[in-house]
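Chemist: Build me a model from this:
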Amino acid sequence: MTGPGLATPTPRTALVPLLVGDTPVASVPVTAGGRAGMLRLKLESFNPCGSIKDRTAVALFDSVADQLDPLNGIVESTSGNLGVALAALSSAANVPFTAVVDPRTPAYAVRQLRRLGASVVVATDKDGRGGYLLSRLESVKRMLAERPALRWTNQYENPANPAAHEGGTAPELARQVPADTVVLVAVSTGGTLAGMRSYAARATKWTVVGVDVPGSYAVGHTEGPRLLSGIGSSKHSGFVSAGDGPIERVRPADAVAACVWLLEQTGIGVGASSGALVAAALRLIERDRLTDVVCVCADGAGNYLDTVYSPAWRSAQGLRADPPAAVCGPVEWSSA
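Modeler: Residues are numbered from 1 along each chain as shown. This is a model prediction of the structure:
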């Protein structure tokens, strides 16, 4: 098996739940700041629609399936990946899907939403917290008031979100990596992090670390600009809090640099949130002398060709992709 590089997965017209999961792990020996360690990348870009949100989408869709009105269908606020997966499921079920997005939603994801038949509503007002999430949620609430038969899957509070990862992602990962490793998970809604921590508490010796960005309110808050999609939030997570476990914060510049570095070193292209995980992993290997770190990489490079992987975009944002002081050895691949 070879790395995905910058290849962009093509969503199927119908996401088949049985095909979700069984994603591979790429194990990469690294030396960071003179410290050697193993960096393991759980590559969720191998899901049918290209991200870990495929797993979440199946669980959310199932949670409302018996309540659906065939004329109104479902609605969800999304930064991209979840919307694409829900659009595929809705298409398969022949029910309408409305995606509420914002100007930071990757253009590729918006194109895929429309290709899959979704109605796309763009919330253009910033929410005062460095993003658009609160504005997207206001749009959803207005739609629900106007159309009572519309069903909201509500990834922010629906317990099906963390359950998808406690019952699916985590046990699958446990078959692929050591029982005493450190697992890094990016924070947005907090559903993946909560599910992974719940599983780890009862079944493994993992330390599960949340990775967030400055400016985010997901788990506590520190000041800073929010430039990246797919990580961070304008609201506190409904599933995890700052006191639930360790949190690492990664600057946008470091996340972007890690994406570019990983692609150049290994040929593996990952998304912005995964770049933050890789930057945090290299930090932990160097700072804390960890010898084994797992990154649950939510998606691949495809959504980020116009941003993270674009020198012009990086320059416009004032982000320099200075490579980390680290080198990689040969990549080894393992399936689920």
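Chemist: Not counting sequence-adjacent ones, nearest residue to the most centrally placed residue in the chain?
Modeler: Most central in the chain under Cα atoms, centre = their mean is residue 298, positioned 3.8 Å from the mean C-alpha point. In this structure, residue 298 finds its nearest non-sequential neighbour in residue 52, 4.5 Å apart by Cβ to Cβ, 6 or more residues apart in numbering. All C-beta spots, glycine's among them, are computed from the backbone N, C-alpha and C.
Chemist: does the one you found really touch residue 192, like I thought?
Modeler: Yes. Using Cβ atoms under 8 Å, residue 52 is in contact with residue 192, at 6.4 Å.
Chemist: Can you work out which residues contact both of the two?
Modeler: 169, 296, 298 (Cβ atoms under 8 Å, 6 or more residues apart in numbering).
Chemist: need the contact list for the last one.
Modeler: Under the criterion of Cβ under 8 Å, 6+ apart, the neighbours of residue 298 are 44, 51-53, 81, 186, 192, 230, 271, 273-274.
Chemist: With the second one instead?
Modeler: Residues in contact with residue 296, defined by Cβ under 8 Å, 6+ apart, are 42, 44, 52, 169, 173, 183-186, 192, 196, 277.
Chemist: now with 6 Å?
Modeler: 42, 185 (Cβ atoms under 6 Å, 6 or more residues apart in numbering).
Chemist: before we move on, what about the first one?
Modeler: With Cβ under 6 Å, 6+ apart as the criterion, the residues that contact residue 169 are residue 55.
Chemist: Could you do residue 118 as well?
Modeler: The contact partners of residue 118, by Cβ under 6 Å, 6+ apart, come to 87, 97, 99.
Chemist: Out of these, grab the one that's most surrounded.
Modeler: When neighbours are counted by other Cβ atoms under 10 Å, residue 87 leads the contacts of residue 118 with 30 neighbours.
Chemist: got the CA coordinates for the helix or strand where that residue lies in PDB?
Modeler: Here residue 87, judged by DSSP states H and E, is contained in helix 81-93. What follows is helix 81-93 as a C-alpha-only set of coordinates in PDB (Å, rounded to 0.1, in the frame of the first residue of the first chain):
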ATOM      1  CA  ASN A  81     -16.600  16.600   6.100                       C
ATOM      2  CA  LEU A  82     -19.600  15.700   8.100                       C
ATOM      3  CA  GLY A  83     -21.900  17.400   5.600                       C
ATOM      4  CA  VAL A  84     -20.400  15.400   2.700                       C
ATOM      5  CA  ALA A  85     -21.000  12.100   4.500                       C
ATOM      6  CA  LEU A  86     -24.500  13.100   5.600                       C
ATOM      7  CA  ALA A  87     -25.300  14.200   2.000                       C
ATOM      8  CA  ALA A  88     -24.200  10.700   0.700                       C
ATOM      9  CA  LEU A  89     -26.400   8.900   3.300                       C
ATOM     10  CA  SER A  90     -29.300  11.200   2.600                       C
ATOM     11  CA  SER A  91     -28.900  10.600  -1.200                       C
ATOM     12  CA  ALA A  92     -29.000   6.900  -0.600                       C
ATOM     13  CA  ALA A  93     -32.100   7.200   1.600                       C
END
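Chemist: Show the residue spans covered by the strands in the protein.
Modeler: 25-32, 35-43, 74-77, 97-101, 119-122, 151-152, 182-186, 207-212, 247-249, 292-297, 326-328, 332-334 (DSSP state E).
Chemist: Please name whichever of these is nearest to residue 57.
Modeler: Comparison of the strands of the chain against residue 57 by Cβ to Cβ identifies strand 74-77 as nearest, at 8.9 Å.
Chemist: if I look at residue 171, how far off is residue 163?
Modeler: 12 Å (Cβ to Cβ, to the nearest Å).
Chemist: The two: which is more packed in?
Modeler: Each of residue 171 and residue 163 has its neighbours counted (other Cβ under 10 Å); residue 163 has more, 18 against 13.
Chemist: hang on, the earlier thing: now the strands of the chain as CSV including distance to residue 221 and mean pLDDT?
Modeler: Shown next, in CSV, are the strands of the chain (distance: least, Cβ to Cβ, whole Å; pLDDT from 0 to 100):
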stretch, distance to residue 221, mean pLDDT
strand 25-32, 28, 98
strand 35-43, 28, 98
strand 74-77, 20, 98
strand 97-101, 24, 98
strand 119-122, 26, 97
strand 151-152, 26, 98
strand 182-186, 17, 98
strand 207-212, 9, 98
strand 247-249, 10, 97
strand 292-297, 23, 98
strand 326-328, 29, 95
strand 332-334, 38, 93
